[in-house]
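Colleague: Sequence and predicted structure below; questions after.
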There are 6 protein chains.
Amino acid sequence: MKKLRIGIIGVGGIAQSRHIPAFLQLRDVCEITALSDVNIERARETAEKYNIPHVFEEYKELFSEVDAVCICTPNKFHADITVAAFEDGIHVLCEKPMALSAEECEAMIAASKKADKVLAIAYHYRFMKEAQAAKKAMEEVGTPLVVRVQGLRRRKVPGWGVFTNKDLQGGGSLIDYGCHLLDLALWLIGNPKHIAVSGTMYNTLSKMPNQVNQWGTFNHETFNVDDHVTAYVKFENGASMLFETSWAANIKVDQEHLSISGVDGGLSVFPFEFYTTKNGMLLNSQAAWLPGEENQGLPQAKNFIHACLGVEELIVKPEEALQVSQIIDCIYESGGTSI
Amino acid sequence: MKKLRIGIIGVGGIAQSRHIPAFLQLRDVCEITALSDVNIERARETAEKYNIPHVFEEYKELFSEVDAVCICTPNKFHADITVAAFEDGIHVLCEKPMALSAEECEAMIAASKKADKVLAIAYHYRFMKEAQAAKKAMEEVGTPLVVRVQGLRRRKVPGWGVFTNKDLQGGGSLIDYGCHLLDLALWLIGNPKHIAVSGTMYNTLSKMPNQVNQWGTFNHETFNVDDHVTAYVKFENGASMLFETSWAANIKVDQEHLSISGVDGGLSVFPFEFYTTKNGMLLNSQAAWLPGEENQGLPQAKNFIHACLGVEELIVKPEEALQVSQIIDCIYESGGTSI
Amino acid sequence: MKKLRIGIIGVGGIAQSRHIPAFLQLRDVCEITALSDVNIERARETAEKYNIPHVFEEYKELFSEVDAVCICTPNKFHADITVAAFEDGIHVLCEKPMALSAEECEAMIAASKKADKVLAIAYHYRFMKEAQAAKKAMEEVGTPLVVRVQGLRRRKVPGWGVFTNKDLQGGGSLIDYGCHLLDLALWLIGNPKHIAVSGTMYNTLSKMPNQVNQWGTFNHETFNVDDHVTAYVKFENGASMLFETSWAANIKVDQEHLSISGVDGGLSVFPFEFYTTKNGMLLNSQAAWLPGEENQGLPQAKNFIHACLGVEELIVKPEEALQVSQIIDCIYESGGTSI
Amino acid sequence: MKKLRIGIIGVGGIAQSRHIPAFLQLRDVCEITALSDVNIERARETAEKYNIPHVFEEYKELFSEVDAVCICTPNKFHADITVAAFEDGIHVLCEKPMALSAEECEAMIAASKKADKVLAIAYHYRFMKEAQAAKKAMEEVGTPLVVRVQGLRRRKVPGWGVFTNKDLQGGGSLIDYGCHLLDLALWLIGNPKHIAVSGTMYNTLSKMPNQVNQWGTFNHETFNVDDHVTAYVKFENGASMLFETSWAANIKVDQEHLSISGVDGGLSVFPFEFYTTKNGMLLNSQAAWLPGEENQGLPQAKNFIHACLGVEELIVKPEEALQVSQIIDCIYESGGTSI
Amino acid sequence: MKKLRIGIIGVGGIAQSRHIPAFLQLRDVCEITALSDVNIERARETAEKYNIPHVFEEYKELFSEVDAVCICTPNKFHADITVAAFEDGIHVLCEKPMALSAEECEAMIAASKKADKVLAIAYHYRFMKEAQAAKKAMEEVGTPLVVRVQGLRRRKVPGWGVFTNKDLQGGGSLIDYGCHLLDLALWLIGNPKHIAVSGTMYNTLSKMPNQVNQWGTFNHETFNVDDHVTAYVKFENGASMLFETSWAANIKVDQEHLSISGVDGGLSVFPFEFYTTKNGMLLNSQAAWLPGEENQGLPQAKNFIHACLGVEELIVKPEEALQVSQIIDCIYESGGTSI
Amino acid sequence: MKKLRIGIIGVGGIAQSRHIPAFLQLRDVCEITALSDVNIERARETAEKYNIPHVFEEYKELFSEVDAVCICTPNKFHADITVAAFEDGIHVLCEKPMALSAEECEAMIAASKKADKVLAIAYHYRFMKEAQAAKKAMEEVGTPLVVRVQGLRRRKVPGWGVFTNKDLQGGGSLIDYGCHLLDLALWLIGNPKHIAVSGTMYNTLSKMPNQVNQWGTFNHETFNVDDHVTAYVKFENGASMLFETSWAANIKVDQEHLSISGVDGGLSVFPFEFYTTKNGMLLNSQAAWLPGEENQGLPQAKNFIHACLGVEELIVKPEEALQVSQIIDCIYESGGTSI
């Protein structure tokens, strides 16, 4: 079987730490043939390090050397590059969030369908062992009623990269961090249609001078994204979601929490455990051992390639990632008064 | 000083376990002079046990023997009895929730004002040591941003009393249990005006046959109240509240949780602790010792009597209890589709 | 329905603490009408305390006043009294162990069958919540392979009663304490036929002068029972059991442990938990809440009475108690060289 | 002093990870001069890596270059190679188990005696700090009564090597893993003569298809060794041993446990602690610090070399290792019906 | 044997809670025949409650009815009453501290010797199980080097009794509370001669208005005793002691700590444990079970009576209690500048 | 700005592990230009490793190449080298303790003043995050009353270097290890004048043959320093200090403890926490996160350089280090009788 030729667009942190190592481990089915980056120096160094033949400054030049691309640019460029790739008949694995808005996401999906090529979004939390286990354990939970999501960090605004730049990223803690947990929660409950979304955004803390921040420093004057978001979502199937995410919350300790209470039982994802009734007893169960990989990059890359090769169903479908973006849009709209 | 003459209307569980013992402990300032109960036998036994002179079947007959009443009937009767008491110039300590609806609450307040008598509502959580400490610690929190409330029990629908009867109680887990935490949360953040309320009610679990319940059994066929409620509230001052309460949730373990993240710090009420920044450090603080009483009935009764005697400000003001009922009304309305 | 008339034979500790209170709680279906004890004074005091009409020194005189007896004498008398009771057409609940030997047990069963009356043995561990839960959880375990039993106390030879008297009790730690766990283990795995038993008895420690004992003092010179026993049992269905019990072991801390590993899963009784595989995961589960009574005396008495009344199957069947005694006999025989 | 010339026969995992590094650390008293392996490639790579002068495919050719050999082949070849080495006047450190059967072990001992050369068996658990401490602490335990051994893994059948091949290894979990704990237990109690052995072998779990296994995969159809063994051993001195080992038990968590209760006290090896009585008190003692090496390979190699040089007594004597094999033979025989 | 006739002088808290119950339990060897108290009402009620024949307002009148007295008055009266009792040939058990000063103590001892009657001081900490165990464990410690004593309470000045009255008590936290630990420490190391004492006294905290106190309230203006004391003592045998006691320290949590490091090992009394070296190992040992009584009053009374009867040596000798007072005198002198 | 030229005198452990790496990290403000060591070989290897241009055997030759020196020799040489450096107009960072005696320290300070150059002492504990936090938290403590210092190791006499050589080091556990905690304690309470010092020195344990030592072996016959010291210090401001340090104490586990109780609150440094009263509550607070560096070498070097450059105040002032040496002198004098 011919190996899939992969191109990486944008060779910053996420490409270096997750995607490139994963594709390299899958040498039997793929090959990284090209890189591109607006910072051509960084691209060249990376190519040299991993012995990758082609390097470009302009991403479009890379298309001729690849069958599939992995897009690792700032969020602002996700949609344009994706659409361009499909126009050249190239499969796409795009970093999360899918794009700056649901509208852009829809354009991406349309292009994917027209090209009949795979469009995967790198919501890698889905590939955590706990997440895979939780998906299976939904059979113990039954119809979901209440979903609780907390992705909270205490005073940890990222002091590097473009994270606090709204123009490039489209938002802050919600679009960058909370989106993972939102996606995971939606997937676990089967992506039911959302019928009402209400939210509130905050950035009071990050606009204050002289603040304590654990993750380096940033310019509080130019800070223009959300650092804390709460939201409430109602779904067509009767479920409701209590959602909170933050980079900078005044809390005791960081929280990464996703739990669901359903008609038959309940579960928590981190740590993975579930709660059931049986023979008149109330039971709590945890995993003593879970199958799967520690590093989510590998199964994510494998699923993408297998989907491109037509031998496996895509795990993170673009329509699901679209719903994440739709809800984020709603929250940013309904919660806009606070910033 | 003449002692305040107290009458107890309704001598069920809450009267026996909390109010009567508290008033008896305060013999230097008050005296229980009369009891009434539609179950006249129970009233007579109680009077004998505590050596209380007057017993009545009809509550209105009691008014001539007392300066103040403590109303411990099913929720449905709170408003009528309160208004009647004020018409006779009698102070009122009314059990929570204040009444079946905000409309009833408003009538009670109007009557109180007209009579110029004290109207207190028995939201006794306010008198917990942790709650008093948290109120003081709000100065460390500063302007509140996010309020999280969880009053969750796992499979513990009350299998006794009238708790599952909507006609008498006006609702289930929210109006009976969640109201305490809602009241406490509102008080801690200063009862800002609520500008949006969205909620969902559930009773799927309690309508199922053959369920596991830790607190006795009840008729799942006639069950017609909420056993689980989620809600989201936005306030005029920019704060938002994520709220959940339940009698029957499929969760790991019961949760009673109230935490607030504000501009300057955060706090949790159960257990009491707070989170601040100082001199560039992030600090967590807990109480090694808190002043106050273990049993909230005593300071509650003391505050009521002192308010009647005009020597202390009322801690649970009727306008605050009204807001609790307003928000409960909103939740029951917005969340009505699920039951 | 006529109430079952109960007689208690022997009113020592176990009668006072477990059986009499249990029968008194079940007034709607039974009545204690008579007591007997060789210590007639103790019998009279007990009768007075509980308002029981008839008292006898000689147990046979009691038979005319009762429908059922509960035998609480030293082990030596279990068989004779049981057989005599059946000859008078009286149901029997006999304390554990069933008798001094399997031979005696068989005579008891034969008499029960001839009289067509109920014979129950008070292996009350069966009525613990954890035991009932474990019995149900055997469906998760599947075919049992290995059974581990440890009933070990550190330096706690009973310094009271007749426990160290072989003539009256037939043995020591095994027949008095270990028998409970042995019975429970056999029941959980379905009382398969035992095909080989090997054991060792010890009493070296209790024969030593100047020893440390947590439970009072006893005469080490007349001590003539086992204080520590190990055994190994093989069963027809392929299962094997590693068994140990002691009153006086030199161990870190007391151990009461019963676990089973089977083809599909494993379980532990104390605390109750089980171990399974599902969807490729290894799971551990515990009870968050178990139905049942804290005090095993009550469900034990209830089951006995209901069996006498013909409305419920006996939980501890005499044939099962016989197997316990058979295995004890084998251990005492095979392990005899050490004492 | 001339350095002892060492040859390694079989350069697989155990040679690479334990023996070769240990001998290399002891450069002042020995030198690895030769390697042999049927996989000559692997032998050559290893020699190159460690700069070892001689490499052979056939082990006998190696004899001329060495004074002592370390045998790291599959169990099947232990006896023949050992006997051959002695015939050439060469000392032997042989991996555990000593051989496939007690009969083979006896031949090895006879050859050792005839050659008057050292025969050591690599039961390296003996060299753990906890094991050395426990050996000393036997003076606190006094005459041993009960020995408990558990070497249990949950679903961890080795999915590599020849472990599941009965022809090459002679057995499974018992001969490969349980033998260590059995040897250690026998040594601690002074290798008393065993007078009765009863056991049961299982391999039901590992013969099932679609099982969960934490340590890779193996062919369940060809699996023909034990994966779980229980046994009971009686000794001439009155002690008895409860023994269990497994690769695949359905248990909560892996167990490696060895405890002994004796006449004067008790001890546990993992973690090391002991239990005594003194001045009327019951005491528990643990090590705050133990002398010795983390890695057992080093003291094992040192003891072997020193024994060869005649300056130290051998710690693992071949007669002791023979007893391990004798008991394993007995268990496999008595427990044979279950597989 | 004639029973010892006991008189109680002063029937306040310590008499009621510790001494009277203890003597009552020892009916076979003693009898409380008389009580006296300046508060004659309290004495009469007590006599009635325990059926004690004689009651006096003036303690001297009591002497004719007793063989021994137990002195439970404020510290100021210990010496005078003791001397008077000896003049009448009566044995004395005197509450701690022995007296207000070493000089008074010496007079008491002289009177005791002259009368040839027993003088015991109620340093009841000596009779704690941990203290008795520690005394035995001094054989593991060997020659003592360093003694550390901490008896610290956080903000717990006694808000009742005469504890804060220097005239009646002679001091505060040191003479009332720290004296117990000082006595215990001295006894454990064999009451070696002290050759240097340096100390510091504080009462800054208790002189402040509006302070937080967990044990009721007291008048900070009249407070004139020490609430915190540090000291350092050197002994003739080379040992040194670091000492601290307080009623009101600003610390995390109350501390009651006494540890000793010696030449052979170390120990801690609360909880009891000891630290030794053996066979090259460093060992920590704790008690799994200690012999003795939970309530120290009983063995204290028993030892006193047995000493009066001449059948047992006194455990708390007056010369030892004298040393405690000598050191307290030194500390109050050397540390006097701070108050 | 010209970079400060640094010379390192003595390139043993502390230079290699702490000072050289720190100066190398601060390349923008300094440059290591020269090394000297009596072991010229070691100096040359180090210079080569770090690419340092000048190497000398004699420290004085180095002065011409540097602006500042870091002195890492045995304690005996600190004073002479420091004075010599100042005579050449060179800044000095000298390892702790400052010198062998207070007299030497005074000479160093005089020389520093005369040269008008910086003299810093490497009491690096001051630069720990916890120490910096504690210094700030002294505002919560208020006027200090009691200071407790414990720097205790269990059987860990350094078995390497010159630590047990009195001639070179001037003492043992106190001057080598305890000095850090003493310095830190003094600094935290504001270096008040000490008005009385009493102490005791021990070395009994380290003089014994066949002892257990966790940190290698040493010659117990030539051992001539203290291995355990206790002391008590009174200060002009009324504070008192209980001090203990050891290399070899018979204790349960190593202790590094510094706590202070003051008028307003208390604190502990390891771990950092503080204890206050507020609003009638007793509070305990800990750091959730502290600013600063894990490695104290870096901020220490930075502060020294910045002080040399005149842009920052010195954190460890020589007068403070002098007080440490004064108190050490007092302890060695007052405690001298024990060794």
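Modeller: That came through fine.

Colleague: State which one residue of chain A is found closest to chain F.
Modeller: As assessed by Cβ to the nearest Cβ, chain F sits closest to residue A:214 within chain A, at 5.6 Å. C-beta coordinates here come from the backbone N, C-alpha and C atoms, glycine included.

Colleague: Does that residue touch residue A:159 like I think?
Modeller: No - at 9.1 Å, residue A:214 and residue A:159 do not qualify as touching, with contact defined as Cβ atoms under 8 Å.

Colleague: Tell me if I am right that the residue of chain A closest to chain F is in a helix.
Modeller: No - read with DSSP: H, G, I helix; E, B strand; the rest coil, residue A:214 is coil and lies in no helix.

Colleague: mind listing the strands for the stretch 151-300 of chain A?
Modeller: A:194-202, A:228-235, A:240-246, A:255-262, A:266-268, A:273-278, A:281-289 (DSSP state E, counting those that start in this stretch).

Colleague: close to chain B, is the fifth one?
Modeller: Yes - taking Cβ under 8 Å from any Cβ of the partner chain as the criterion, strand A:266-268 and chain B are in contact, through A:266, A:268.

Colleague: re the thing from before, check contacts around the residue of chain A closest to chain F.
Modeller: By Cβ atoms under 8 Å, 6 or more residues apart in numbering or on different chains, residue A:214 lies in contact with A:154, A:155, A:156, B:282, F:289.

Colleague: Same question for residue A:57.
Modeller: Counting by Cβ under 8 Å, 6+ apart, residue A:57 has contacts A:36, A:37, A:38, A:40, A:43.

Colleague: Go through the residues you listed and flag which are in strands.
Modeller: Those of the contacts of residue A:57 mapping onto strands are residue A:36, per DSSP state E.

Colleague: ok, longest helix in chain A?
Modeller: Longest helix of chain A, by residue count under DSSP state H: helix A:318-334.

Colleague: Can you tell me which helices and strands that one packs against?
Modeller: If you count contacts as 3 or more Cβ pairs under 8 Å, 6 or more residues apart in numbering or on different chains; DSSP states H and E, helix A:318-334 packs onto helix A:102-115, strand A:119-121, helix A:179-188, strand A:194-202, strand A:228-235.

Colleague: For it, which outside residues touch it?
Modeller: By Cβ under 8 Å, 6+ apart, the residues outside helix A:318-334 that reach it are A:96-99, A:101-102, A:104-106, A:108-109, A:112, A:119-121, A:123, A:171, A:174-175, A:179, A:182-183, A:186-187, A:191, A:194, A:197-201, A:226, A:229, A:231, A:233.

Colleague: what's the closest of the strands of the stretch 151-300 of chain A to residue F:144?
Modeller: Relative to residue F:144, the nearest member of the strands of the stretch 151-300 of chain A by Cβ to Cβ is strand A:255-262, separated by 38.2 Å.

Colleague: Work out the gap between that closest one and the centre of the chain.
Modeller: The chain centroid and the centroid of strand A:255-262 are separated by 18 Å under Cα atoms, centre = their mean, to the nearest Å.

Colleague: That strand near chain B anywhere?
Modeller: Yes - Strand A:255-262 reaches chain B (Cβ under 8 Å from any Cβ) through A:259, A:261, A:262.

Colleague: Quick one, grab the pLDDT at the residue in the stretch 51-200 of chain A that chain E sits nearest to.
Modeller: Ranked by Cβ to the nearest Cβ, the top residue of the stretch 51-200 of chain A for proximity to chain E is residue A:154, at 23.6 Å. What the model reports for residue A:154 is a pLDDT of 98.

Colleague: do residue A:338 as well
Modeller: Confidence at residue A:338, expressed as pLDDT, is 40.

Colleague: Now which of the contacts of residue A:57 would you call buried?
Modeller: Among the contacts of residue A:57, the ones that count as buried by 16 or more other Cβ atoms under 10 Å in any protein chain shown are A:36, A:37, A:43.

Colleague: can you redo those as CSV with pLDDT?
Modeller: Converted to CSV, those look like this (pLDDT from 0 to 100):
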residue, pLDDT
A:36, 97
A:37, 97
A:43, 95
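
Colleague: Can you lay out those as a markdown table showing distance to chain F?
Modeller: Shown next, in a markdown table, are these (distance: Cβ to the nearest Cβ, whole Å):
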| residue | distance to chain F |
| --- | --- |
| A:36 | 35 |
| A:37 | 29 |
| A:43 | 29 |
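
Colleague: Return the member of those residues nearest to chain B.
Modeller: Of all those, chain B sits closest to residue A:37, with 36.7 Å by Cβ to the nearest Cβ.

Colleague: So for chain A, the centremost residue is which one?
Modeller: Nearest to the mean C-alpha position of chain A, counting by Cα atoms, centre = their mean, stands residue A:123 at 3.1 Å.

Colleague: Now that residue: closest residue in space, sequence neighbours ignored.
Modeller: Leaving aside its chain neighbours, residue A:123 sits nearest to residue A:183 (4.4 Å; criterion: Cβ to Cβ, 6 or more residues apart in numbering or on different chains).

Colleague: How about residue A:306?
Modeller: Using Cβ to Cβ, 6+ apart and skipping the chain neighbours, the partner closest in space to residue A:306 is residue A:312 (3.5 Å).

Colleague: Now do the same contact list for the nearest residue to residue A:91 once chain neighbours are set aside.
Modeller: Leaving aside its sequence neighbours, residue A:91 sits nearest to residue A:68 (Cβ to Cβ, 6+ apart; 3.8 Å). Going by Cβ under 8 Å, 6+ apart, residue A:68 touches A:4-7, A:30, A:90-93, A:118, A:304-305, A:308.

Colleague: Close to chain B: what parts of the stretch 201-339 of chain A are there?
Modeller: A:202, A:204-205, A:208, A:211-212, A:214, A:228, A:230-232, A:234, A:238, A:240, A:242-244, A:246, A:249-252, A:259, A:261-266, A:268, A:273, A:275-277, A:280-282, A:284, A:337-338.

Colleague: Tell me the buried residues within these.
Modeller: Counted by 16+ other Cβ under 10 Å, these give A:202, A:204-205, A:211-212, A:214, A:228, A:230-232, A:234, A:238, A:240, A:242-244, A:246, A:249-252, A:259, A:261-262, A:264-266, A:268, A:273, A:275-277, A:281-282, A:284, A:338 as buried.

Colleague: how about the nearest residue to residue A:4 once chain neighbours are set aside, what does it touch?
Modeller: Once flanking residues are discounted, residue A:4 sits nearest to residue A:30: 4.3 Å by Cβ to Cβ, 6+ apart. Neighbouring residues of residue A:30 by Cβ under 8 Å, 6+ apart: A:3, A:4, A:5, A:6, A:23, A:68, A:301, A:305.

Colleague: Roughly how far does residue A:30 sit from chain B?
Modeller: According to Cβ to the nearest Cβ, to the nearest Å, residue A:30 stands 42 Å off from chain B.

Colleague: cool, and residue A:192?
Modeller: 13 Å.

Colleague: Give me the pLDDT value at that residue.
Modeller: At residue A:192, the model reports a pLDDT of 98.

Colleague: I'd assumed residue A:235 was in contact with it.
Modeller: Yes - using Cβ under 8 Å, residue A:192 is in contact with residue A:235, at 4.2 Å.

Colleague: More neighbours: these two, which one.
Modeller: Neighbour count, other Cβ atoms under 10 Å in any protein chain shown: between residue A:192 and residue A:235, residue A:235 has more, with 20 against 16.

Colleague: wait, doesn't residue A:279 sit right on residue C:134?
Modeller: No - using Cβ under 8 Å, residue A:279 is not in contact with residue C:134; the gap is 11.0 Å.
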